[in-house]
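below: sequence and its predicted model.
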Amino acid sequence: MSLFNILDIAGSGMSAQALRLNTTASNLANAESVSSNSADVYRARQPVFSAVMKALGESPAGVGVQVNGIVESQAPVRKQYEPGHPMANGDGYIFLPNVSMVEEMANMISASRSYQTNSEVAKTTKQLFMRTLSLGQ
């Protein structure tokens with residue numbers, strides 16, 4: 001494995017974690033949105049990743065993290081009785097997203113640290129490049 005592959009892996013990891021942070025931010029921003037029915041309420045979203053490891057002879061050759069998509073949570077939405085709310089349905093219920101603030105904050109911290117780790121890997125690789133180049137001097 002060359003040092004260039006290390007940069008590809010770190011870069012794809014940083015891109016994946018940036019997407020994870022954006023998805024988490026979207027979930028947190030919509031955590032208290034209200035709907036009058038369960039079909040229209042916001043549902044938490046999570047990105048799905050997979051590891052990519054292709055041999056050098058394969059086309060295109062590459063390694064890293066691949067984003068397979070973003071899925072909506074299948075957890076039930078919250079139903080709350082508030083007959084005076086302007087968005088309440090005929091029975092007096094409002095529907096809130098299935099976003100867990102605790103889980104989202106944990107995801108945010110984890111994604112941030114993973115991004116930072118990948119950044120450090122890229123920085124260290126750059127330093128190795130520079131030291132290798134300075135060997136000939």
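Arrived safely.

burial of residue 23, as a residue count?
By other Cβ atoms under 10 Å, 19 other residues sit near residue 23. Glycine gets a C-beta too; all of them are placed from N, C-alpha and C.

could you measure from it over to residue 11?
19 Å (Cβ to Cβ, to the nearest Å).

same check, this time on residue 134
Using Cβ to Cβ, residue 134 is found at 24 Å from residue 11.

repeat that for residue 105.
Counting by Cβ to Cβ, the gap from residue 105 to residue 11 is 26 Å.

also residue 32?
Taking Cβ to Cβ as the measure, residue 32 falls 35 Å from residue 11.

pick out whichever of the two has more residues nearby.
Comparing residue 32 with residue 11 by other Cβ under 10 Å, the one with more neighbours is residue 11, at 16 against 11.

so which elements touch the one helix or strand that one maps to?
Taking DSSP states H and E as the definition, residue 11 sits inside helix 3-29. Helices and strands touching helix 3-29, by 3 or more Cβ pairs under 8 Å, 6 or more residues apart in numbering; DSSP states H and E, are strand 45-53, strand 63-72, helix 101-134.

that one versus strand 45-53: what angle between them?
170 degrees (axes from the mean of the first three to the mean of the last three Cα atoms, to 10 degrees).

and helix 3-29, how far out from the chain middle?
Centroid displacement of helix 3-29 relative to its chain, using Cα atoms, centre = their mean, to the nearest Å, is 7 Å.

for the chain, give me the ranges with low pLDDT.
Residues of the chain meeting the criterion pLDDT under 70: 1-3, 55-61.

if you set the cut-off to 80 instead, what comes out?
Where the chain drops to pLDDT under 80, the residues are 1-4, 54-62, 136-137.

spatially central, which residue of it would that be?
The centre of the chain sits closest to residue 20, judged by Cα atoms, centre = their mean, with a distance of 1.2 Å.

just to revisit the earlier point, who wins for proximity to residue 86 among the helices and strands packed on helix 3-29?
Nearest to residue 86 among the helices and strands packed on helix 3-29 is helix 101-134; the distance by Cβ to Cβ comes to 23.9 Å.
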